[in-house]
Every structure is written in structure tokens, then in C-alpha cells.
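*Asks:* turn this into a model:
(chains A and B)
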Amino acid sequence: AQKVTQAQTEISVVEKEDVTLDCVYETRDTTYYLFWYKQPPSGELVFLIRRNSFDEQNEISGRYSWNFQKSTSSFNFTITASQVVDSAVYFCALSEAPQGGSEKLVFGKGTKLTVNP
Amino acid sequence: DSGVTQTPKHLITATGQRVTLRCSPRSGDLSVYWYQQSLDQGLQFLIQYYNGEERAKGNILERFSAQQFPDLHSELNLSSLELGDSALYFCASSPIGVTPDTQYFGPGTRLTVL
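*Replies:* Residues are numbered from 1 along each chain as shown, chains lettered A, B, ... in the order given. The predicted structure follows:
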């Protein structure tokens, strides 16, 4: 069965600190997709990144970077030089290749990040 | 703006009532998904439609039903509402549904059952 664990419930940092959000997943499939979404205080879910199981290259987008390690079933998210606007709940999610099934997302419980000025 | 629209934004109703939540997917997207976000259960998949047909069911109660119309908009119907149905309901859409495309989420409908 699919499962996503975000062990950090809440993290509080001071502006300009780097912060890493952990995500550990479980799946029996060899082909799967991992996602990160951001939910700011306004409530909407904003897509950040999609990564498939065959692409273990780390990715950097501005101050955001993602570290995918199949050996440890982890897909961690790092924000460099955090800003107050980064304050949000961040969700990691997993989707297995459908093979006639559903591409539904299985979400972790989320990590609430607070960046203080 | 994801391009997915949901109405209404807020809904307040009483126990036992029935409500309908509406979702319009991004232009060209054939798959629509419904998710429920509550404090105790987190974000949970309810149901998926693909090009008008039901594709998968998740943790959806029998009191809940959904459909996707020929113009691809979708409605989620919640009946015999209970206090525990209070939650944020999200609709998401994705292009084709062959491989897990990125799902883009609407702004959500916040349902409060009193």
C-alpha cells in the first residue's frame, strides 16, 4: 500500500535560515511519481514539483531544491535563505503509475513551516 | 491561479441537509479528482472521473456522490450531512490520465455543517 510520512509536524525558523522538510514514502511499485504542494494561509494548494521514480537527479529552482533518494525512499525539500512568504503548510504526495487504476494522490500529513522575521 | 474553479467558496448548512459543490477543470483537462481536507484525516482522495466516467473511488461515504458532465465540469453531492462532514473540499484536474500528470487544484470549498 502507498504511504507518505512527513514526520515534522511543525517547524519554526528565523528569516534567512535554510530549512529542510522531510518526506519518506512507501510503495510496492517500481514506477511512481512524487510531488510537493504548498498550502499558504489563504488555503489553496499550489503545485511545486513532480518527479518520477526513474529520475534521481536533484532539482533546484531558485531558493528551492529537492533531494530524491530511492535507497532511503525519501524526497526531501530544502528552502534556502527562507523568507516570511515561505510560511505555509507543505505536503508531500505519491502517485503510482495507474495500469488501469487511478492516478490518485496519497498525501502526507503536511509540515507547517513558520518563518519569523 | 491554477485554472481550476470551484463554487461556492464557502457553504454553511445544517445537519441533515444536502449540498452540491461544483468544479470546472482547466481547459483541456479530462480527469477530475475530489479530495477532502479535514483536521483529523488530512487530505484524502474521494473520487476520480475521467472524460465523464468514474475511474476510481477512495474514502468516499455512501452519502456522497459525484458526476462529470459532457462539458467536463464535475459536481460533488453531499447528503444527510453530519457535523463531521465539515471540511475543505478540493477539486483537481489533470490532462489525460495515462500516467500521473500533475494535478492542479482549485481554491476549495469550505463546508461548515452546524
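*Asks:* name the helix or strand for the residue nearest the centre of chain B, please.
*Replies:* Among the residues of chain B, B:Trp34 comes closest to the average C-alpha position under C-alpha atoms, centre = their mean, at 3.1 Å. When elements are defined using DSSP states H and E, B:Trp34 is found to belong to strand B:31-38.
*Asks:* pull the residues that contact that strand.
*Replies:* In this structure, residues lying in contact with strand B:31-38 by C-beta atoms under 8 Å, 6 or more residues apart in numbering or on different chains are A:103-105, B:23, B:25, B:43-51, B:55, B:59-60, B:66, B:68, B:72, B:74, B:76, B:84, B:86-97, B:101, B:103, B:105, B:108. Glycine gets a C-beta too; all of them are placed from N, C-alpha and C.
*Asks:* cool, and stretch B:11-26?
*Replies:* With C-beta under 8 Å, 6+ apart, stretch B:11-26 has contacts from B:2-8, B:31-32, B:34, B:72-83, B:89, B:91, B:93, B:104, B:106, B:109-114.
*Asks:* what does stretch A:109-117 give?
*Replies:* Stretch A:109-117 is contacted from outside by A:5-6, A:8-15, A:17, A:19, A:21-22, A:39, A:79, A:82-91, B:42-43, using C-beta under 8 Å, 6+ apart.
*Asks:* buried subset of those?
*Replies:* Among these, those scoring as buried are A:6, A:8, A:11, A:13, A:19, A:21-22, A:39, A:79, A:82, A:86-91, B:42-43 (criterion: 16 or more other C-beta atoms under 10 Å in any protein chain shown).
*Asks:* near chain B, which residues of chain A?
*Replies:* A:32-33, A:35, A:37, A:43-47, A:50, A:91, A:95-98, A:101-110 (C-beta under 8 Å from any C-beta of the partner chain).
*Asks:* in strands, which of the contacts of strand B:31-38 fall?
*Replies:* When DSSP state E is applied, these are split such that B:23, B:43-50, B:55, B:66, B:68, B:74, B:76, B:87-94, B:105 fall in strands.
*Asks:* which SS state does the residue lying closest to B:His10 once chain neighbours are set aside fall under?
*Replies:* In space, not counting the residues next to it along the chain, B:His10 is nearest to B:Arg110; the distance is 5.1 Å by C-beta to C-beta, 6 or more residues apart in numbering or on different chains. Each residue gets one of three states, and B:Arg110 gets strand by DSSP: H, G, I helix; E, B strand; the rest coil.
*Asks:* from B:Asp85, how far out is B:Arg110?
*Replies:* Using C-beta to C-beta, to the nearest Å, one gets 12 Å for the distance from B:Arg110 to B:Asp85.
*Asks:* which of the two has more neighbours?
*Replies:* Remark: of B:Arg110 and B:Asp85, B:Asp85 carries more neighbours, 21 against 16, as counted by other C-beta atoms under 10 Å in any protein chain shown.
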